[in-house]
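Colleague: no sequence on this one, just coordinates:
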């Protein structure tokens, strides 16, 4: 499936019409609706659970579901169960308990130690109680004889300890805002409304990138295991990385992916595509689009299955954005939209509210939602930058600009100018003849793709391209949901205010009022729309001219989380309290500091214990060779050996100085308390010092005898042992 393929019609579980039947047949290890019905759960209960109507889950319902779930899991061979939650860290959390102990009460909630998870100061050793709470919107599943029950993590006071809880809140906020406008549309502009589409929710599709390396070589690289990426290693400069994109996969890698796909099929995770990335040893797995809470869980489950399957095949999964210098980075691309939740006969399907239709210039609902998205990105571009900030993702764009594409931009500019937009050809109506009679003619899209844009229009939504491959996409989706929800409400307020002042109140007058609101907001916020190369100097200059200050510093970007405007935003949509937002900022900064410490420690350890001894040993070998050549041929004939000896001696001297500098800075950082000052210390002093150590180590790698080099090189990690050569 191409990246520009529109979101397919999806039901409330995130499955396309044809895919839904396929999943029911293949999700053998998932407690599906069909399984619930077979075990006596009433259809209306199944429906309400799927619609996230959590109020229906009283003690009696929970007990009935728990009994059915326990019987099903026991028949499938499960011996334990666990609430499956996702704290603010890289790995999921699950506390195993005997399957026989599962009851309605334990299904609903389980006690946990909240102070042992990243909590931003909301929990401590003297007040540590936390809960994992069942999330009925995602179905339980069995993996390795363990029944996993999707759950959220919170404190005993209900404060969010997991991004999933904030995501569910933000999804409710986005649904409420979109539904509010759809109700207005049905009431005031019925000709623009579609029957049975008065509710909506956020939907996403995820394209996950990652690297795989040989397990044996991974164990020989302490930096990979400690820091998640290589802190030392001569860059693999590949000028033609496009030669690797979608190329045939090595057999062992292909076998690993096929095994993972089989496991995911049993777990009900729909894989849209798998292919090699643009860097050596890089792979991409795309998930089908669906409701955002469901797809977020599917993405986490996909990574867990991939990690376990890679180990079984003698491989290791690397989620760091930049595990190797000089090659294309990994990311997590999120295709976001708002989609209707239909009622009536077609309740199993939905439609993206960002679909332009045949005449986008007169499609007022489409223009309304596009404008709300643009407004949200302009007002909260600092928050969008903060939610993707991390040490590994430090090369992301400084300004989160929006690329609408030329056709949509032409429509928007016409509206701002007060002109009638020209109706572009609908996507897929333009036929492309390739000039070869043997090849069938195909439908051509009217829009192109800009891969450099942080936020790009895809024809039925927007793709967020700056999310790090190691990130939990729940955080980024929560920000998008919240910001867009606030914009929709603000625009609805303006629309209703104009309607109250309108004496005519007929449909034509209402359409004029809505168009005025759209034009007014586009005029105020179109500065965020830039349809150019977002990595160029011209783009940065134009962004600055428009007052969009780029934040390239990760430490400064993380400080943008907890600001007065963001507190007001999250509080207005009931997604985060001030204390919760402060905790998010604190845990983000702490994660940055821990990652920076791991980088510095790994670099210092490898430089002192591996590279320096190898360099000194090679220096001694060169010294002996120089003396031997001098005795045999005279001093003039040993210039080559002397030059090599002088070069290695100079590099060793420079490396020792760099090591000493880093060794002096790191203890200073370790004495500081975690916070913005420590993050600035790492970013401004410790990490640049570690980069200088790496620079000298990488130079030594290029001159030291390969047999004496103590670490696997990039050529081995990326090519030889994976069967790529």
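Modeller: Good, I have the coordinates. If you're wondering where the values come from, they're calculated on a predicted model, not measured in any experiment.
Colleague: can you tell me the average pLDDT over stretch 514-521?
Modeller: Summarised as a single mean, pLDDT over stretch 514-521 is 96.
Colleague: residues in contact with it?
Modeller: By CB atoms under 8 Å, 6 or more residues apart in numbering, the residues outside stretch 514-521 that reach it are 189, 364, 367-368, 371-372, 374-375, 415-416, 418, 487, 491, 494-495, 498. C-betas here are computed from N, CA, C, even on glycine.
Colleague: and those residues, which are buried?
Modeller: 189, 364, 367-368, 371-372, 374-375, 415, 487, 491, 494-495, 498 (16 or more other CB atoms under 10 Å).
Colleague: Can you tell me which of these lies closest to residue 92?
Modeller: residue 487 (32.5 Å; CB to CB).
Colleague: I'd say that closest one and residue 369 touch.
Modeller: No - contact criterion CB atoms under 8 Å: residue 487 and residue 369 do not qualify, at 9.4 Å.
Colleague: Can you tell me the element the closest residue to residue 103 other than its chain neighbours falls in?
Modeller: Distance criterion CB to CB, 6 or more residues apart in numbering; nearest residue to residue 103, sequence neighbours excluded, is residue 66 at 5.5 Å. Residue 66 is part of helix 59-75 when elements are defined by DSSP states H and E.
Colleague: what does residue 169 give?
Modeller: Element membership for residue 169 (DSSP H and E) is helix 163-188.
Colleague: buried ones in that helix?
Modeller: 163-182, 184-186, 188.
Colleague: Can you name the residues in contact with stretch 107-115?
Modeller: 57, 59, 62, 65-66, 69, 83, 93, 95, 97, 122-125, 127-134, 149, 151, 153-156, 161.
Colleague: how does it look with 7 Å?
Modeller: 57, 62, 65-66, 83, 95, 123-125, 128-134, 149, 153, 155, 161 (CB atoms under 7 Å, 6 or more residues apart in numbering).
Colleague: Could you do stretch 499-507 as well?
Modeller: Applying CB under 7 Å, 6+ apart, the set of residues contacting stretch 499-507 is 188, 189, 191, 509, 510, 513.
Colleague: List the strands paired with the longest strand seen in the chain, with their directions.
Modeller: Scanning the chain for the strand with the most residues, using DSSP state E, yields strand 200-214. Strand 200-214 sits in its sheet next to strand 282-287 (antiparallel), strand 290-291 (antiparallel), strand 315-318 (antiparallel), strand 332-340 (antiparallel), going by DSSP bridges.
Colleague: Now these in JSON lines, please, with extra columns for mean pLDDT and mean neighbour count.
Modeller: Converted to JSON lines, these look like this (pLDDT from 0 to 100; neighbours: other CB atoms under 10 Å):
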{"stretch": "strand 282-287", "mean pLDDT": "95", "mean neighbour count": "22"}
{"stretch": "strand 290-291", "mean pLDDT": "93", "mean neighbour count": "26"}
{"stretch": "strand 315-318", "mean pLDDT": "96", "mean neighbour count": "22"}
{"stretch": "strand 332-340", "mean pLDDT": "95", "mean neighbour count": "26"}
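Colleague: Reformat the ones you listed as a markdown table; add distance to residue 654.
Modeller: Listed next are the strands paired with strand 200-214 as a markdown table, based on distance: least, CB to CB, whole Å:
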| stretch | distance to residue 654 |
| --- | --- |
| strand 282-287 | 33 |
| strand 290-291 | 54 |
| strand 315-318 | 30 |
| strand 332-340 | 38 |
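Colleague: how about the helices in the stretch 1-150 of the chain?
Modeller: Along the stretch 1-150 of the chain, counting by DSSP state H, counting those that start in this stretch, helices occupy 17-26, 33-38, 43-50, 59-75, 104-108.
Colleague: So which elements touch the second one?
Modeller: Helices and strands in packing contact with helix 33-38 are listed as helix 43-50; criterion 3 or more CB pairs under 7 Å, 6 or more residues apart in numbering; DSSP states H and E.
Colleague: rewinding a little: from the contacts of stretch 514-521, which is closest to residue 606?
Modeller: residue 374 (46.9 Å).
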